[in-house]
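Chemist: Build me a structure from this.
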Amino acid sequence: MSAVKPRPAIADLVRYRPNLSAPKAGRIIRLSVNEGALGPSPAAVKAMEGMAAGLHRYPDIASSGLIEAIAERHGLDPARIVVGCGSDELIATLCQAYVDPGDEVIHTQYGFLLFPMATRVAGGVPVSAPDDGYTVSVDAILERVTAKTRMVFLANPNNPTGSYIPESEVVRLHAGLPDRVLLVLDSAYAEYVQTNDYTDGSQLVEAHDNVVMLRTFSKLYGMAGLRLGWGYFPPEVADVIHSIKPPFGVNASAVAAGIAAVKDIAFQERSREHNRVWSEWTRARFEELGLETLPSVTNFMMVRFPVEDGRNADAAHAYLAERGILVREMRAYGAPRYLRISIGTGEEMRILLDTIAAFLGKEPVSGAPVEGIEALEGAGTRVGAA
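Modeler: I've put the predicted structure just below:
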């Protein structure tokens with residue numbers, strides 16, 4: 001055993017392990033990591049290919065062009081935007097900048113696992129606030145605020161549950177926090193939300209100096225492999241993040257692709273509509289199979305399986321994996337009866353549902369017609385999909 005030991009605060013961290021491989025060769029249907037179903041915008045691919053000859057140059061530290069494109073697309077102040085190597089980098093950097101050893105950071109019961117991990121790496125103490133069922137409880141968060149609380153992480157919509165809290169509840173949460181506590185709103189799935197009572201948090205950032213909003217290119221934009229994210233910050237917080245973040249954290253290919261992706265409005269709308277239609281279709285098919293799904297405003301859903309051996313979530317996960325279909329176990333989140341399943345292409349969702357039907361000993365359900373589905377079948381083919 002090695003004599004070189006990590007710090008005690010992180011020695012027993014459960015490593016974040018996305019399910020990316022299956023115990024079989026051949027085609028893999030990957031519905032375990034909430035990637036964009038249609039892949040990247042063709043315009044983003046073209047832009048990335050067009051700058052290949054310049055890869056020997058360091059990227060622009062200021063991510064020139066990308067910040068301006070994001071600001072124009074969302075109507076934001078470019079001076080408040082900070083880009084990162086995925087929003088994960090920004091989460092970790094926020095903890096490094098604002099969390100001292102012993103400081104408490106509140107996250108929700110079923111929140112993103114990276115929140116407590118980044119807290120502990122920084123030396124802080126993660127504090128879990130119970131959800132109300134599978135939805136964030138603002139009251140539970142506020143009840144856990146102490147003199148040691150330094151930061152609150154809120155994923156809205158939430159991963160892995162797919163639920164969200166309305167703008168009024170986000171405002172109430174912020175109003176109940178001391179000014180010294182930084183509220184970090186992770187809005188990675190904001191583009192999928194189609195309700196009138198939702199906020200991504202950008203207006204709160206502009207109105208207060210203790211709110212941060214994070215976004216990503218990994219979901220609707222289909223660019224998870226490029227690791228590109230961004231955040232909207234109060235000016236003083238942005239200055240702090242810039243001072244400690246690696247200057248070349250975002251690569252030049254990601255910047256070029258990001259600019260093109262932000263400007264391709266038609267692709268964004270197509271991806272959003274694809275997700276809406278196939279989410280509704282998938283939920284209806286699960287109901288036909290007698291499986292409950294949690295309400296979701298995202299590009300994934302949690303599906304509850306029976307408790308009996310051979311038909312439970314563990315057995316379903318193994319059955320799917322053996323057939324090259326990857327979904328996400330929820331045992332690490334404390335929800336062992338559930339599997340989280342992302343929305344893929346139309347073909348992938350049909351294969352998934354027929355495979356689960358076979359697992360349950362039932363007839364296939366993928367052929368059931370639903371209005372609007374067939375018009376999107378052609379939209380469900382990713383570039384390079386196997």
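
Chemist: From now on I want contacts and neighbour counts done on CA atoms only, so please keep to that.
Modeler: OK.

Chemist: How about residue 137, nearest residue that isn't a chain neighbour?
Modeler: residue 131 (5.1 Å; Cα to Cα, 6 or more residues apart in numbering).

Chemist: where do the strands sit along the stretch 151-300 of the chain?
Modeler: Under the criterion DSSP state E, counting those that start in this stretch, the stretch 151-300 of the chain contains strands at 182-186, 211-216, 229-232, 292-293, 300-304.

Chemist: what's the distance between the residue sitting nearest the centre point of the chain and residue 359?
Modeler: Taking Cα atoms, centre = their mean, the centroid of the chain lies closest to residue 188, which sits 4.9 Å from it. With distances taken as Cα to Cα, to the nearest Å, residue 188 is found 33 Å from residue 359.

Chemist: One more: residue 256?
Modeler: 44 Å.

Chemist: and if you look at residue 326?
Modeler: 15 Å.

Chemist: So which of those two has more stuff around it?
Modeler: Using other Cα atoms under 10 Å as the criterion, residue 326 and residue 359 rank with residue 326 on top: 26 against 15.

Chemist: got a pLDDT number for the closest residue to the more buried one other than its chain neighbours?
Modeler: Distance criterion Cα to Cα, 6+ apart; nearest residue to residue 326, sequence neighbours excluded, is residue 30 at 4.9 Å. If you check residue 30, the pLDDT there is 94.

Chemist: How many neighbouring residues does residue 30 have?
Modeler: Neighbours around residue 30, by other Cα under 10 Å: 24.

Chemist: I'd assumed residue 313 was in contact with residue 336.
Modeler: Yes. Contact criterion Cα atoms under 8 Å: residue 336 and residue 313 qualify, at 7.0 Å.

Chemist: and for these two, which residues touch both?
Modeler: residue 329 (Cα atoms under 8 Å, 6 or more residues apart in numbering).

Chemist: Check what contacts the helix or strand in which residue 348 is found and list those residues.
Modeler: In this assignment (DSSP states H and E), residue 348 forms part of helix 346-359. For helix 346-359, the surrounding residues in contact (Cα under 8 Å, 6+ apart) are 29, 278, 282, 285-286, 289, 311, 316, 319-320, 325, 343, 363-367, 376-377, 380.

Chemist: Those in helices, which ones?
Modeler: The helices, defined by DSSP state H, take in 278, 282, 285-286, 316, 319-320 from the contacts of helix 346-359.

Chemist: Contacts for stretch 203-211, please.
Modeler: 171, 179-185, 212-213, 232-237.

Chemist: can you rerun that using 7 Å?
Modeler: 179, 181-184, 212-213, 232-234 (Cα atoms under 7 Å, 6 or more residues apart in numbering).

Chemist: Just the buried residues of these.
Modeler: 181-184, 212-213, 232-234 (16 or more other Cα atoms under 10 Å).

Chemist: could you dump these to TSV with distance to residue 193 and pLDDT?
Modeler: Output for the buried ones among the contacts of stretch 203-211, formatted as TSV (distance: Cα to Cα, whole Å; pLDDT from 0 to 100):
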residue	distance to residue 193	pLDDT
181	27	98
182	24	98
183	21	98
184	19	98
212	19	98
213	16	98
232	19	98
233	22	98
234	24	97
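
Chemist: Kindly present those as CSV, with separate columns for distance to residue 243.
Modeler: What follows is those, written out as CSV (distance: Cα to Cα, whole Å):
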residue, distance to residue 243
181, 20
182, 18
183, 20
184, 19
212, 17
213, 19
232, 16
233, 14
234, 14
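
Chemist: Tell me which two of those sit farthest apart.
Modeler: 181 and 232 (16.8 Å; Cα to Cα).

Chemist: Turn the strands of the stretch 151-300 of the chain into CSV, including distance to residue 159.
Modeler: Formatted as CSV, these follow (distance: least, Cα to Cα, whole Å):
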stretch, distance to residue 159
strand 182-186, 10
strand 211-216, 13
strand 229-232, 16
strand 292-293, 14
strand 300-304, 9
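
Chemist: wait, which of those strands is closest to residue 139?
Modeler: strand 182-186 (14.9 Å).

Chemist: Could you measure from residue 265 over to residue 73?
Modeler: 9 Å.

Chemist: Spit out the residues that contact the two alike.
Modeler: By Cα under 7 Å, 6+ apart, no residue touches both residue 265 and residue 73.

Chemist: A helix includes residue 94, no?
Modeler: Yes. Using DSSP: H, G, I helix; E, B strand; the rest coil, the secondary structure at residue 94 is a helix.

Chemist: Next, count neighbours for the closest residue to residue 177 other than its chain neighbours.
Modeler: Spatial nearest neighbour of residue 177, excluding adjacent residues (Cα to Cα, 6+ apart): residue 142 at 7.1 Å. Residues near residue 142, counting by other Cα under 10 Å, number 18.

Chemist: What of residue 269?
Modeler: For residue 269, using other Cα under 10 Å, the count is 14.
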